[in-house]
Each structure stands twice: as structure tokens, then as C-alpha cells.
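> I would like to see how this sequence folds:
(2 chains)
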Amino acid sequence: MLFNSLSFVVFLVIVLALYYSKLFSWTGKKRMLLFASYVFYGLWNPPLVILLWISTAVDWVTGKKLATEENKRKRLYWLLLSMVVNLGFLTFFKYRDFLLDNFTTVVNSYGYGYHAAKMDIILPMGISFYTFQTMSYTIDMYLKRTERAKTFLDFALYVTFFPQLVAGPIVRAQDLISQFYEEKRATVNQFIWGLFLLTLGLFQKVVMADTLLSDTVDKVYGAGKILNFWDAWMGTLAFSGQIFFDFAGYSTCAIGIALMLGIILPDNFKYPYGSLGFSDLWKRWHITLSTWLRDYLYIPLGGNRHGVARMYAALMITMLLGGLWHGAAWTFIVWGGLHGTYLILERLQRKYIPFKITAWNGMFLAFTTFTCVNITWVFFRAREFKTAWNMITSMFYLNPDGDKVLASFDILKVGIIIGILFLCHWFMRNTSVEAVSKKMHPWALGAVWAFMFFLIVIAQGSGEQFIYFQF
Amino acid sequence: MNLKQTLIIAFTLGVISISAWEFYWRSQGLQPNIDDNKNLWANQRAKLENYDDKTVVFIGSSRILYDIQLDIWEKETGTNAIELATQGASPIPVFRDIVENTTFNGTLLVGVTPPLFFASANPEAPFNKRSQSLVDYDKKRTYAQILNHKLSVPLQQNLAFIRDGDESWDSDVDLKTLLKQIHIGTREGPAYPPFNNFEDISLDRHMKMPERMVTDTAYANTVKKVWTSLLSGDMPPPDKESTTNAFVELAEKFKKRGGNLILVRCPSSGLFKEIESKAFSKEQFWDELVTKTKAKAYNYQDYSQFKDLFCPEWSHLAAKDAQFFTKELIKIMKADGALTNLKTN
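Just a heads-up that it's a prediction; the model follows:
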């Protein structure tokens, strides 16, 4: 089920009505939320709920054993069981074709003429998110960083909680399970603010990403031609806006819906396009994934504890795997590799050419960071290297006679939207929507809210899927 | 921050602005209507899983969709119609789906619109992709999508500004389409004229040409303008041999299992008739297809009663003419014994 669909509106109204009715005890309410979460997922593809059940059951048993087992070897085996099951699902459903294609290419380069049969297996929605979430629980249990979930119901709800099930935020066990132990009820202000965030998230997704930017992106990246400088840049800038609004929109909806239930989810985006460099970017973009990668990959790989060379290697491996997490294709790996390279170059710059950041050079630095991010987005969006290369050469003005596929209005529209987006991120980088809203007169905030609602309704999104669902 | 006051203000302003939007579009002559979309098609396709000996299936493009009036067809023949024609598309992908993925062996009427039918056998060609996308959607449709469609129907039936179409010609008042109508300069070449909606379809895909297309000539002319601009571009040459062979192969399989195949060529006029006569001559395209298929076939050009039918925008019959066309066609077919599952008294 998608947040931007009529069925979700009905679903949410029913869930909220049951949640705030006096029909259930707190345990009953949690059972209802768990059942609703399975319905939320199952309405897309019922059999794939079984994967959720297996993941939940395996990690529940693993957590239980790790809570009591003291034998180091046995503890490791339990951890490996959880990793094999979760990563096994991920490999089978997400990376199998990619691995098979590469295997076939390598084998055939030696003249074997091997042909692998495609299995055409569906990618379970949100599998990358919920497997990472449950793995964080077992890893933390193994490292004795978190307490075991008190009941199976609490744990199952942690794995399956519908607001963040299919596209995050990826929440740590200690941050979410503990919220399920005592009855939660949103205050009136929390409930209304949650509703505001849900509207804001839907506005970002339905109006900004789907209505104003997606067509430009599709036109440019689907052109199949070598494009003009302006078209290549505008298509890429439009994608930078589309992916931000799409994913931040989902996270905002998730946070808002959870808040309406009295549950607090962590922020996932903090104005990333106002970042001063790439370390800053990864503290602001998909925060719950970047902290996951930091805690469960970068630090175990050695982090910055074993010298500079090892640190750079750990950084690069983390970013390459981060790229692969997003999609089973070499273009995503290159995207991760570019981010790894930027991060290494930034650390070298800090060491050898340090400078103080002021308001003026800060804005220039943010603009440079944003420009470099756009170069990486080309590899993220292009389905193949040929398209990516054509786009990059056009963006560096190497194809001055390239085709023009965008209308002047498209260029103007994208220019204005992305310009406002960048300035908004720059000026908001040290504050929040909530803080700004608190300073606004109720009439002004109400008018903004009504305007967003009006645009969502007249945009009439046809239920476009969120981009991050495919990851 | 007084959130209660904020919510009341937002709710009030939201309701006022949406009501104003609805009244504005009604004042522009727009009325609530159902849009033809992939869900309506998939609902019809689902019926084919439980066909009986009274089932008649229609495939083809928009002409058979507009020109065969299902209420008259069902009344006159006592059969149950399943409408699987797809607008702006070739029927071959749908025919393949019926032949390969169902056991249906009743009466199948195929509308042949030459520029679409003979365009290309390549699955990536737009006219094939469009109908194939419906077949694919039906196979992958989720319960959530079914539910969304059911919930959207009352909104479509009651609010003029609500549109749920998949194609540019369905959805003329959503924000994206409105923005597309803004043109500055000619950077990407000349702009296409707006494609105004001329659908009046029921939930079981019974399509009628709206009366406005007959009474408002200026409105009908806007559609003619679109056809003119589309037809004035470079078109790839038709691929008669591949399309005919692909169809004949499916027709043989269908007839072999007892299916009753009927080909129908619906009327056109003006620019369409001119182009179809020159580039898709009856002798070279239609007659050859009929000969190779060995199916019962009805071409409007062969019957004097069909020569003066009115197509307000050159390609589809006005509602009254479509009713006449349907009744007369049934009479002709009955006389021929072409319909195998007629009602028995």
C-alpha cells in the first residue's frame, strides 16, 4: 500500500479509530497494529508476508539465544544464522540476477558460451530496509549493546511497524522497541503536528516529485540521444529534486503517521543540499542508513583506528557497498565509489589545505557540494553506463550540438524549483520545520497547510510508487 | 504555536479552495465522468477467467470501442459482452493474451483500424506497447490497486475535476496536464494542440461519443486539429507482412480450439479516410488479412447503409450513428450465421 493512495487514507482512518477506541488494551492495540502492518504489506503481494515472518522468527529466536548464551563460538553461530537468513533473502531476491549476469559475462569471456536462465523473481518491497533493521537488532544483541525485546509481539511490531516498514527510517531496536513497552497516545498537538507532517510529505511526493519534476527527468534520461548542455543539466537537477522530494517525502509521512500514534521516529533528512562537504552530506541524507553503515560496516572494518590507509579503504568499501545496497547494478557501485572518493578527497583537503568556513565561502562550498552530488546522481539515475557517459559529457559542455528535448518552460520550471530548493536547504540547515512553524502566525501556517493540501488534491497523483521502494 | 487553530484554518481554507476549483471546472462545461483506464480494462479481463457460452469478447482499438454499442449488442444478441478494445493500440498483444493465457473459445470480434493494426509487429512499437502494458498490468495488479480503483470510482462520478485516466487524452484538468499546456518559445519544436477529452464510458467499458462532440463543432475541431498534427509527422512505413503473419498464427490457434473469429472494419471519414485509402488500401491490407485468416469479416465499405455515417472527429461514430451501426451490423451477422452463441427462444 502506498501513502499516496486512497486505500491508505481509508486504512489510516480505520487504524487510528481502532487505536484510539476503548475496544483494546495496550497489548490488543499492539496486536491490531501488527495485523494492520501485515495487511499494509500484504495488499501489495500477500505471499511475501511470509518473508517478513521468517525474518521476524529467526531474529527473535537469535535474540533470545544471544541474551542468555555466553559461549563465544555459539554466540557467533547464532549471529551467523541471522546474517545468512537476512542476507540470503537479500541476495536471492535482489542480487541474484546481477551476480548471475556478471558470472555469465566472466565465464563467456573465456569462450564457454554459457546462458543462464532468467528466473524473473519479484523484488519484495522494502526488503533492504527491514532486513537491515532486524540485522541491527541481532548485531546489537551479539555486541550486548541492547536489551532483548520483552515479548515476541514487541519484536514483531518493531520489524513490521507499517509507517516505516518499506522505506525506513531504519530504526534501531533500543529506539523503537522500548516505545512499545508502555501505552502510547499522541497528545492533541502531536496528533495535529503528525497530520501536518503527513501533508508535507505527501506534498513533497505528489506535487514536487511526481507532478513537477518526474516528467523532465524521464524525458531527459529516456531520450536515448546525446543531449545539449542545458537539457543534461536540467534533467539531472530535476532528478536531484525528484529523489529528495520522493524519499524525504516518504520519511516525513512515516514520521508524521507514527507521531499520530504517539510513536517517535528519528529524522532521516536534514536539508542535505545545504551540506558543507560530503561528510556533512552523509549526516543529512538518509541519516538512518548512513549511521547504520557507519556502525555496522565502517567501524567493524577498522574505521579510523588503524591508520590512514586502512581508514580510506574502510571508507571506500563502505560507500561501494552502500551503493550496492541501493541497487544491483554497476552504476550504483560507481555512484557509491564517487561518494567514497569525494569523502577521501575531503579528508585530504582538511589535512593539507585547511580553511575556515564563513557565511560567504560556506555558501560557495554548499553550492560546490551540491554540484558534485549532481554528478553522482547521473550514475544513480542512468540505467546503463552509455547513458551516464553521454550525460556527463553533455554536462561538461563536450556536446555543444546535442539535441534539445526540453521545452523552455521545463527549463524555467526546474531552474526555479531547484534554485528555491537549494536556497531553502542553505537557510534551513541549522533549524527545522518545527522551529520555523513555531514562529509563524496560525493563519500563515494554516494557509500554507491548506495550499499544500489543495495542490495535492488537484495534482491527483495516480499512485506513483516511491523510488526507494525498489531498493 | 496554536496547532488547533492552525488545523481549523487549514481545513476551512482547504475545503473552500477545493470547492472553488470544482465550481470553476463545472462553469467551464466539465461534468463528472469515469475515465477509461487500466483498471477498467483489467476488470473486464478478469471476467474472461469465468466466461460461459454467452460470452462475446471485443478487442481492437478505439473505433470498435466507440462504434459497437454494448447495450444494444447484448440486448439484440442475448450475449454478455467483455470489452477489451484498447484506445490507440494494436489488438495483437491482447489477442495473444487471450489465445495463450485463456481457454476462451467463444465469439471474438476484432476491430481492425489499419494504421494501428498494420503499424508494426515489434513489441517495442508504441501501439503494441500500449496494449501490452494493459495485459501486463492485469497480471501484476495488486489488491491495493484494485481497492484504490474501487475507492476512486465514487469520486470520479461526483467530482468534475477528478480524473483517473492513464493517457494524455484522458486527463485534462490535473495539475501536471495544466502545466503542460504552458508554452514559452519553440525550443523543443512546435507545441501540440490540447487533446480535449471526448469519452463517456461506463464501468463496464461501454463507450459513447459525448453529445458535445456533435453539437459543439468548435470543440470537435480541436480533436481534428490533434489528429492533423499527429498525422502530419513522419510515420514509419507499415509492416504488413509481419503483423498479418502474427495475427494469422494466433487466429489459427484460436479457431483450432473452436473459437469463432470475426473481423470488423469500422467507419472513418475526412483525413483518416483519405490516409487509410491511400496508405492502407482495402485490397492490399484488409482483403489479404481476411483471405489469410479465413475468418468472417465485415468492412463498412461493403455496405451501402454505412456510407453516410457521421464521425464528428473523423475517426469515431457519433452516439446515434454508433447505435445504428451496431444494430445493422448485428442484422448482417445474423443473416450470415456469423454469431454462434445467439439467444434461443
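> identify the residue nearest residue B:49 in space, chain neighbours excluded?
Spatial nearest neighbour of residue B:49, chain neighbours left out: residue B:102 (7.3 Å); criterion: C-beta to C-beta, 6 or more residues apart in numbering or on different chains. Placement of C-beta: from N, CA and C, glycine included.
> ok, residue A:269 touching residue A:283?
No - the criterion here is C-beta atoms under 8 Å, and residue A:269 misses it with residue A:283 at 10.7 Å.
> those two: who's more crowded?
Legend: neighbour count by other C-beta atoms under 10 Å in any protein chain shown for residue A:269 and residue A:283, higher for residue A:269 (20 against 14).
> would you mind giving me the confidence score for that one?
At residue A:269, the pLDDT value in this model is 95.
> wait, is it part of a strand?
No - if the criterion is DSSP: H, G, I helix; E, B strand; the rest coil, then residue A:269 is coil and not within a strand.
> quick one: contacts for it?
Taking C-beta atoms under 8 Å, 6 or more residues apart in numbering or on different chains as the criterion, residue A:269 is in contact with A:244, A:247-248, A:251-252, A:284-287.
> and what of residue A:284?
Taking C-beta under 8 Å, 6+ apart as the contact definition, residue A:284 lies against A:269-272, A:274-275, A:429.
> cutoff 7 Å now
A:269-272, A:275 (C-beta atoms under 7 Å, 6 or more residues apart in numbering or on different chains).
> is it true that it lies in a strand?
No - assignment of residue A:284 by three-state DSSP gives coil, placing it outside any strand.
> neighbours around residue B:20, how many?
Number of residues near residue B:20 (other C-beta under 10 Å) recorded here: 11.
> who in chain B is up against chain A?
B:1-7, B:9-10, B:13-14, B:17-18, B:21, B:142-144, B:147-148, B:151-152, B:161-163, B:174-176, B:182-185, B:187-188 (C-beta under 7 Å from any C-beta of the partner chain).
> one more time with 6 Å
Residues of chain B found near chain A (C-beta under 6 Å from any C-beta of the partner chain) are B:1-3, B:5-7, B:9-10, B:13-14, B:17-18, B:142-144, B:147-148, B:151-152, B:174-176, B:182, B:184-185, B:187-188.
> could you pick out the buried ones from the residues you listed?
B:1, B:3, B:6-7, B:9-10, B:13-14, B:17-18, B:142, B:144, B:147-148, B:152, B:174-176, B:187-188 (16 or more other C-beta atoms under 10 Å in any protein chain shown).
> now, which of those residues lie within strands?
Among these, no residue falls in strands (DSSP state E).
> any low-confidence regions in chain B?
Scanning chain B for pLDDT under 70 picks out B:1, B:168-171, B:341-345.
> okay, strands next: where are they in it?
Under the criterion DSSP E, strands of chain B are mapped to B:55-59, B:80-83, B:107-111, B:200-201, B:207-208, B:260-265, B:296-299.
> in chain A, which helix is the longest?
The single longest helix within chain A, with elements called by DSSP state H, is helix A:229-260.
> now the helix or strand following it: buried residues?
Using DSSP states H and E, the helix or strand that follows helix A:229-260 towards the C-terminus is helix A:278-281. Residues A:278, A:280-281 are the ones in helix A:278-281 that count as buried (16+ other C-beta under 10 Å).
> what's the average pLDDT for helix A:278-281?
Here the average pLDDT along helix A:278-281 is 94.
> and if you look at stretch A:227-245?
What stretch A:227-245 shows for mean pLDDT is 96.
> are it and chain B in contact anywhere?
No - Stretch A:227-245 does not reach chain B (C-beta under 6 Å from any C-beta); its nearest approach is 9.0 Å.
> hmm, who's touching that stretch?
Contact partners of stretch A:227-245, identified using C-beta atoms under 6 Å, 6 or more residues apart in numbering or on different chains, comprise A:204, A:208-209, A:213-214, A:216-217, A:220, A:374, A:377-378, A:381, A:391, A:394-395, A:397, A:402-406, A:411, A:414, A:417-418, A:421, A:467.
> cool, stretch A:261-268 as well?
A:164, A:169, A:179, A:184-186, A:251, A:255, A:258, A:287-288.
> over to stretch A:341-359?
Counting by C-beta under 6 Å, 6+ apart, A:276-278, A:312, A:315 sit against stretch A:341-359.
> and those residues, which is closest to chain B?
Each of the contacts of stretch A:341-359 was checked against chain B using C-beta to the nearest C-beta; the closest is residue A:276, at 29.7 Å.
> residue furthest from the geometric center of chain A?
Distance from the centre of chain A peaks at residue A:111, with 40.6 Å (C-alpha atoms, centre = their mean).
> please report phi then psi for that residue.
phi 80, psi 20 (degrees, to the nearest 10).
> count of residues packed around whatever residue of the stretch 251-400 of chain A ends up closest to chain B?
Per C-beta to the nearest C-beta, residue A:259 is where the stretch 251-400 of chain A lies closest to chain B, at 12.0 Å. By the measure other C-beta under 10 Å, the count of residues near residue A:259 is 24.
> is it true that it touches residue A:192?
No - counting by C-beta atoms under 6 Å, residue A:192 is not a contact partner of residue A:259; they are 9.6 Å apart.
> please consider this matter closed, and thank you.
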